[in-house]
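Q: sequence and predicted model, in that order:
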Amino acid sequence: MATVTFENVSKRFGDVVAVDDLNLDIRDAEFMVLVGPSGCGKTTSLRMIAGLEEITAGTLRIGERVINDVPPKDRDIAMVFQSYALYPHMSIRDNLAFGLKLRHVPKAQIDARVKEAAAILDLTRYIDRKPRELSGGQRQRVALGRAIVREPAVFLMDEPLSNLDAKLRVETRANILRLHQRLNTTFVYVTHDQIEAMTMGSRIAVMNEGRLQQVGTPQELYDRPINRFVAGFIGSPAMNFTTVEVGGSGDNITLTGPNITIPVPPQFHESIGTTGRSLIVGYRPEHLQLGPVAGATAVVNAKAEVVEYLGNEELIHASGANRDIVAIVDSAYRVRPGDMLELRVPLEKVQLFDPDTNFALPFGAVNN
Ligand SMILES: Nc1ncnc2c1ncn2[C@@H]1O[C@H](COP(=O)(O)OP(=O)(O)OP(=O)(O)O)[C@@H](O)[C@H]1O
Ligand SMILES: [Mg+2]
């Protein structure tokens, strides 16, 4: 069983707390993505699993075994780095075989594993070439191949696609997912790119400033972000936020801001608190709609400033009450700069946050 378990794990470099009291259960054979902005502690977390970084406090396990003091070579992991270096003077075959030779794996076994890895990664026809005779994407596959031949219990990958151009990145993303399905092994994958995280992760762990914010499936993070950080980090373009005030009473509670009016969303009826209180409302660009919407909605008034045509949709940068609002609407509306817009958001898509704690308000049961 190749689970990976962080129990109150911290890592300090002098005064810098790179990872702060991390608790995370990575399940056997899952594709776990660690995501967050630069410097949030992703690489450090991965390097602790690999044994390349000592743990300052806490317990780290692979399966049942505590690995705090187990040397890297005895951890049964393989790591693919952002800047992988292939041996330029060796053929692809020898690059793939090299790590196994160092470990004195019998030759017949090396040949079999190299052959299989090359087949999985579609490298068989390049096997006798040198790295300089391959494209960037093919070289990246060789770097993955060197990890595969090790047959580790856990694959660790640190931004392995960052050296590839946009098109190759999408292709290689799919290749890595196929690899995961085929090998059925635990993968821990680090990226700062939330789109990569959303498209690849079975689950995603979002980090910020050394602290784990939330762990969940891509849909859980998208639908129910636990705080403003996750709400703003996951989703592209980012969620819009506005401050509103709670007014009215009984069944007529409304949230209002300078350019926004929202009947209280049923899912927040219990948690909305008292009249006069301020809240932060969040709504995603893709949930704003022009034209009629069935049922109760939030209404946002804004003036279109810049319109980016995307084909079937258009991305609108608008302003309302001196704030930028980003909306994605059907391009059939042909919005022009200067147009006054009445944008609507279905109430079930509205998110609310406590301005003091930045936590999302708890969802309640919706009766209807
Ligand atoms: N060897 C080190 N000595 C001192 N500080 C370090 C060391 N390694 C990392 N740090 C600090 O620890 C924090 C976390 O670094 P880490 O490399 O884990 O970030 P990251 O999330 O991988 O960022 P990026 O997306 O830029 O790769 C940063 O503040 C970094 O400056
Ligand atoms: Mg990093």
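A: Received it, and whenever you're ready, just let me know what you need. Ligands and ions are numbered 1, 2, ... in the order given.

Q: isn't residue 191 right next to residue 35, touching?
A: Yes. Checked against C-beta atoms under 8 Å, the pair residue 191 and residue 35 is within contact range at 5.7 Å. For glycine as for every other residue, the C-beta is placed from the backbone atoms N, C-alpha and C.

Q: tell me, what's touching those two both at once?
A: By the contact definition C-beta atoms under 8 Å, 6 or more residues apart in numbering, residue 191 and residue 35 are jointly contacted by 42, 197.

Q: who's more crowded, these two?
A: When residue 191 is set against residue 35 and neighbours are counted by other C-beta atoms under 10 Å, the residue ahead is residue 35, at 27 against 24.

Q: and the closest residue to the more buried one other than its chain neighbours, how far is that from ligand 1?
A: On the basis of C-beta to C-beta, 6 or more residues apart in numbering, the spatially nearest residue to residue 35 that is not a chain neighbour turns out to be residue 197, at 3.9 Å. Taking C-beta to the nearest ligand atom, to the nearest Å as the criterion, residue 197 is separated from ligand 1 by 12 Å.

Q: cool, residue 317 as well?
A: 27 Å.

Q: OK, contacts around residue 289?
A: Applying C-beta under 8 Å, 6+ apart, we find residue 289 in contact with 329, 343, 344, 345, 346.

Q: neighbours of residue 262, how many?
A: Residues lying near residue 262 (other C-beta under 10 Å) number 25.

Q: what helices and strands are in contact with the stretch of helix or strand it belongs to?
A: Using DSSP states H and E, residue 262 sits in strand 260-263. If contacts are counted by 3 or more C-beta pairs under 8 Å, 6 or more residues apart in numbering; DSSP states H and E, strand 260-263 sits against strand 240-247, strand 254-257, strand 297-309.

Q: rerun that using 10 Å as the cut-off
A: Based on contacts counted as 3 or more C-beta pairs under 10 Å, 6 or more residues apart in numbering; DSSP states H and E, the elements that strand 260-263 packs against are strand 240-247, strand 254-257, strand 278-283, strand 297-309, strand 340-346.

Q: now do the strands in the stretch 101-250 of the chain.
A: Secondary structure of the stretch 101-250 of the chain, counting by DSSP state E, counting those that start in this stretch: strands at 154-158, 186-191, 203-208, 211-216, 240-247.

Q: in JSON lines: these, plus mean pLDDT.
A: Converted to JSON lines, the strands of the stretch 101-250 of the chain look like this (pLDDT from 0 to 100):
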{"stretch": "strand 154-158", "mean pLDDT": "95"}
{"stretch": "strand 186-191", "mean pLDDT": "97"}
{"stretch": "strand 203-208", "mean pLDDT": "98"}
{"stretch": "strand 211-216", "mean pLDDT": "98"}
{"stretch": "strand 240-247", "mean pLDDT": "95"}
